[in-house]
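J.: pasting a predicted model and its sequence here:
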Amino acid sequence: MKKTPPIVSLMSGLLTAASLSFIPSASAADAQNIVQQKCLACHVEEGKTSWSRISHQRKTPEGWLMSIARMQIMHGLKISDDERHTLVKYLADRQGLAPSETEGARYALERRLNTSESFESQSFTETCARCHSGARVLLQRRPASEWEHLVHFHLGQWPTTEYQAMARDRDWLDLALNEMVPELAAMLPLQSKSWDQWQKSVKPVVAGSWTFAGKMPGKGEMHGVMQVVEDNKDQFSITLTGQYADGSAFKGTGEAILYTGYEWRANLTVDGISMRQVFSTAKTGEMQGRMFEREHDERGFDFSALKQGSTQSSVIAIQPEYIKVGDTVELSIVGTGLQGDVVLAEGLTLLKDVTSDQNKRVLQVKASNSIATGPKTIRIGKATADITVYDHVASLKVVPAFQVARVGGNDSSTPKIEAAFEAEAWAAGTDGLAGTEDDVRIGFMPATWSVEPFDATSAADNDVHFSGRMNAASGVFTPALAGPNPERRMSTNNAGNLKVIAQVNDEGKSVTADGQLIVTIQRWNNPPIP
Amino acid sequence: MNITKIKPSLAIRLNTALLAIAAGVAPSFVQAADAPLKSGNEYMVVANYPNQINVIDVVTDKLFKTCKVPGAFGPGVMQVAPDNKTAYILSNHYEDIYGINLDTCDVSFHTRFSSDPTVRTKSIFSMAISPDGKEVYAIHNPTKLNTDHYRIQPTQLAVYSSDGGLDAKPIRTFPVPRQITVMTTGADGGLYMAGADIYKFDVHTGKYTTAIASRNWQRPLYAPPDVLNAWPIQTPSKDFTILYTTAKFQDDSYNVDTADWIYGFMNVNLETGKTQTTDFGPITEIYFTGMMSPKDPNIVFGVLNRLAKYDVKEKKLIKAAALDHSYYCIAMNHDGSKIYLGGTFNDVAIYDADSLEKLGNIQLPGGDMAISTSQIFIR
């Protein structure tokens, strides 16, 4: 029987039912009422809308969700999904983070779980980022007294904290209270100018039409239009109409909530698959973030969008992003305000202007045989963008160079977590030598994918056989089932250490590159912010 | 929360596979819970899920019987009392100690560390018995659970009378340093506690001294050691042995790249009080537990993913045996001829201490032994 950890269902619950349940005009009063009814059983009322602990922290919507979910899971709070949605919205709006305060840590909200973190502060790394992401901490603001509560909570809730590696070698509690708390209070204070300013600022309007572009690893580039209609305050209906480069549809509908004036969280069904959007709309006319499958958040892509109808002309993507010397390609240029004449760099010839739309131009372009390798400008009216011209593929890079997949399924509580790789092609540049400073990035190319043992241990343990299968065409690795495997040495699970090999043929010449894939065990603890 | 749910089922699945390769325990050998142990016979105890203590006859290498333990399982730290009849187990999520009469499987002692519902008190592997069997010692790590915040309280040593019954309360408490794990008592009644250093604690006055410097050791060119110990193994040779890993630098430039990475052990001879800090070899792998051979103190064994045997004087790995799966906890019979590996799943593996040849497996009813301490004793 499949077990779903409570936190996952709570997280899902927030984002699905939210838009159905809001009565925004009453939500602040509703939220205050819920606090009175539900929270003051333990928290102390300090004023009309000030409560102990609650009113002395600022967090992201996911941060507030995790706090309330913890109250449910660990402290017996009984609260309906609708009540929780109302509280999260209220708290994220009233005590959120300014856009600048989330910079550098959004990867955690965007579920980029393959991120390797690195922090300057060794004490922060060893005290906080040892067990969970550092981003989880960086996405909170508290005064010293609240950071101190957090230390006591951690050791009280997980008493072995001070016995673990990087804790048992030092006077952990003393260091956490007397060094870490002041460091955190200085670095991540409750009061900030940026938050004051953001609260006062006029927020960008998100209702309207947006031109978007992205590239789904394993499937390819796509672009289209996202229509956003505000049904109620901060609550939106979405219609996505797009297509992949191969012409297949990327279409769907869904609902979104805007938290804190810019934290866009949407649930959509796209081509029958449940997907989620975690975007920032903080910059006027722009949307940035990641869109991913709800059940497989490793399957996702960087999403960027420009609001249509703005007076500015700009290009968000040229697809494909490169053209080979002597070739003719059909380019989709997507953006806003793309009216006007097409002017191409010398060596590029416009053969056909297929369609003419302010938000998308489709051009048939030929690159001459003599054009030099490098970026070439395409101008459409007032907008410009570069396309890369190349002579031949001199080298490849596997992107990302290092990745983690996780075994799953087999009646365990977590699904398999795939890993998708891309092959980034590079040209040699003017010196004709690959691997030198003047190399030119061409872009991601289709490749043939395979895996090999990473080292002698991996070969001896036959990781290639046990750990999963690489899709030769898509570069997507699907790991094997979870659990001890009696067929393996020491009955170990299907973990493995693999070399990932990409191979591209360019004019009969084979170019290869490799990366590393660790296939490991399940992520047992998988809250909204890792 | 998931891992505890899934471990027993994984153990059961693995058990199915192991049964094919190891001699299973025919139920007819197993005695009733109230079957008394034979005086003079050698036994091993080890706990496992769902919450029980298994008694293994070390002479026949068969499961003798299984005793139920109240509460929820974990961690299963055990100490056998000097009466060689009572097994004390730290369980119920690190919050209770139960004394189990192994002859009858009856609970003869119980304490819940905190009797205040607003205080949650855990002991992180810290439990010991006085040499006369009259007192039980535990470290308390309390947390005050206020309605909207927690406060960590100072740690203390709690002393219980072993005849305190089923609702025993401390008869004495003393402040102690934080971060103490395993403990044991010497023949003189002194309580050895492994924390930042190995302390020798006077259970009557609360005064303590450093028996072995660990975090604060002053060994020229050595880095401070890393010490993890969750298994207070009672050895036939009456040694309190704690493994460490460390780096020894070439010179006072303290260059990590050229340092030697070393395994060693700290040891208290519980009869004499004599201590030592001894390197025994380069780090090639991690061991969760290790012990000196009862036959030859120059031989040290370590176990996790292999069973390894070291010559201490030579500082050399003599031999290593491959294992069917990871084992956490080592035990040896009193004549030093057999090694018993417990922990992780629900089979105990037996190895010849000289050849490191595998002698067999003993299947346990129930699930995972997890981090339980296995102890060998003569009734």
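T.: Nice, thanks for sending it over.
J.: just want the residue of the stretch 151-300 of chain A that's nearest chain B.
T.: Of all residues in the stretch 151-300 of chain A, residue A:156 sits closest to chain B, with a separation of 3.6 Å (Cβ to the nearest Cβ). Where you see a C-beta, it was placed from the backbone N, CA and C, and this is true even at glycine.
J.: tell me the domain boundaries of chain A?
T.: Chain A breaks down by automatic domain parsing into domains covering A:7-196, A:208-307, A:314-390, A:395-520.
J.: make TSV from the ones you listed and add mean pLDDT to it.
T.: Shown next, in TSV, are the domains of chain A (pLDDT from 0 to 100):
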stretch	mean pLDDT
domain A:7-196	91
domain A:208-307	96
domain A:314-390	94
domain A:395-520	96
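J.: in CSV: these, plus distance to residue B:338 and mean neighbour count.
T.: Output for the domains of chain A, formatted as CSV (distance: least, Cβ to Cβ, whole Å; neighbours: other Cβ atoms under 10 Å in any protein chain shown):
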stretch, distance to residue B:338, mean neighbour count
domain A:7-196, 32, 18
domain A:208-307, 48, 19
domain A:314-390, 68, 17
domain A:395-520, 21, 18
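J.: save those as JSON lines, and put in distance to residue B:258 too.
T.: Formatted as JSON lines, the domains of chain A follow (distance: least, Cβ to Cβ, whole Å):
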{"stretch": "domain A:7-196", "distance to residue B:258": "22"}
{"stretch": "domain A:208-307", "distance to residue B:258": "41"}
{"stretch": "domain A:314-390", "distance to residue B:258": "46"}
{"stretch": "domain A:395-520", "distance to residue B:258": "24"}
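J.: coming back round to it: can you name every helix or strand that the helix or strand hosting the residue of the stretch 151-300 of chain A closest to chain B contacts?
T.: Here residue A:156, judged by DSSP states H and E, is contained in helix A:144-157. When contacts are defined as 3 or more Cβ pairs under 8 Å, 6 or more residues apart in numbering or on different chains; DSSP states H and E, helix A:144-157 packs onto helix A:181-187, strand B:135-145, strand B:150-152.
J.: dump the residue contacts of residue B:188.
T.: Each residue near residue B:188 by Cβ atoms under 8 Å, 6 or more residues apart in numbering or on different chains is listed here: B:131, B:273.
J.: distance of it relative to chain A?
T.: Per Cβ to the nearest Cβ, to the nearest Å, residue B:188 is found 28 Å from chain A.
J.: so that residue is in which element?
T.: Assessed by DSSP H and E, residue B:188 sits outside every helix and strand.
J.: check residue A:136 too.
T.: Element membership of residue A:136 [criterion: DSSP H and E] is helix A:134-138.
J.: can you give the contact residues for that helix?
T.: With Cβ under 8 Å, 6+ apart as the criterion, helix A:134-138 contacts A:63, A:104-105, A:107-109, A:115, A:117, A:119, A:124-125, A:128-129, A:184, A:188, A:529-530.
J.: which of the three states applies to the residue of the stretch 201-350 of chain B found nearest chain A?
T.: For the stretch 201-350 of chain B, the nearest residue to chain A under the criterion Cβ to the nearest Cβ is residue B:325, separated by 4.9 Å. Counting by DSSP: H, G, I helix; E, B strand; the rest coil, the backbone at residue B:325 sits in coil.
J.: now do the contacts for it.
T.: Residue B:325 sits next to A:484, A:490, A:491, A:492, B:14, B:344, B:345 when contact means Cβ under 8 Å, 6+ apart.
J.: I'd say the third one and residue A:466 touch.
T.: Read that as residue A:491. No - taking contacts as Cβ atoms under 8 Å, residue A:491 lies outside contact range of residue A:466: 11.7 Å.
J.: residues from chain A in reach of chain B?
T.: By the rule Cβ under 8 Å from any Cβ of the partner chain, the part of chain A lying against chain B is A:3, A:5, A:41-44, A:52-53, A:149, A:152-153, A:155-157, A:159-160, A:162-163, A:165, A:168-173, A:411-413, A:483-484, A:486, A:490-492, A:524.
J.: mind doing that once more with 6 Å?
T.: Chain A comes close to chain B at residues A:42-43, A:52-53, A:149, A:152-153, A:155-156, A:159, A:162-163, A:413, A:483-484, A:486, A:490-491, A:524, as judged by Cβ under 6 Å from any Cβ of the partner chain.
J.: what ranges does the stretch 1-150 of chain A have for its helices?
T.: Applying DSSP state H, counting those that start in this stretch to the stretch 1-150 of chain A gives helices spanning A:6-21, A:27-34, A:61-75, A:81-94, A:99-102, A:106-109, A:122-127, A:134-138, A:144-157.
J.: among those, which is nearest residue B:297?
T.: Among those, helix A:122-127 comes nearest to residue B:297, with 37.1 Å by Cβ to Cβ.
J.: pull the CA atoms of that closest one into CSV?
T.: Extracted in CSV, the C-alpha atoms of helix A:122-127 (Å, rounded to 0.1, in the frame of the first residue of the first chain):
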residue,chain,number,x,y,z
GLN,A,122,31.3,27.9,8.1
SER,A,123,29.3,28.1,11.3
PHE,A,124,26.1,28.6,9.3
THR,A,125,27.0,25.6,7.0
GLU,A,126,27.8,23.3,9.9
THR,A,127,25.0,24.4,12.3
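J.: quick one: contacts of it?
T.: Outside helix A:122-127, the residues within contact range by Cβ atoms under 6 Å, 6 or more residues apart in numbering or on different chains are A:119, A:166, A:176, A:180.
J.: nearest residue to the middle of the chain?
T.: Just going to use chain A. Computing the C-alpha centroid of chain A and ranking residues by Cα atoms, centre = their mean puts residue A:110 first, at 3.1 Å.
J.: please go with chain B instead
T.: Centre of chain B computed as the mean C-alpha position; nearest residue by Cα atoms, centre = their mean is residue B:231, 2.3 Å away.
J.: which pLDDT does the model give that residue?
T.: pLDDT, residue B:231: 97.
J.: my guess is it contacts residue B:287. True?
T.: No - assessed by Cβ atoms under 6 Å, residue B:231 is found out of contact with residue B:287, at 10.9 Å.
J.: next, the residue with the largest distance to the centre of chain B: phi, psi?
T.: In chain B, counting by Cα atoms, centre = their mean, residue B:253 sits farthest out from the average C-alpha position, at 38.2 Å. Per-residue torsions, residue B:253: phi -80, psi -10 (degrees, to the nearest 10).
J.: circling back to that earlier point, got a markdown table for the contacts of residue B:325, with secondary structure and distance to residue A:251 too?
T.: Putting the contacts of residue B:325 into a markdown table (DSSP: H, G, I helix; E, B strand; the rest coil; distance: Cβ to Cβ, whole Å) gives the following:
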| residue | secondary structure | distance to residue A:251 |
| --- | --- | --- |
| A:484 | coil | 43 |
| A:490 | helix | 49 |
| A:491 | helix | 47 |
| A:492 | coil | 44 |
| B:14 | helix | 47 |
| B:344 | strand | 50 |
| B:345 | coil | 50 |
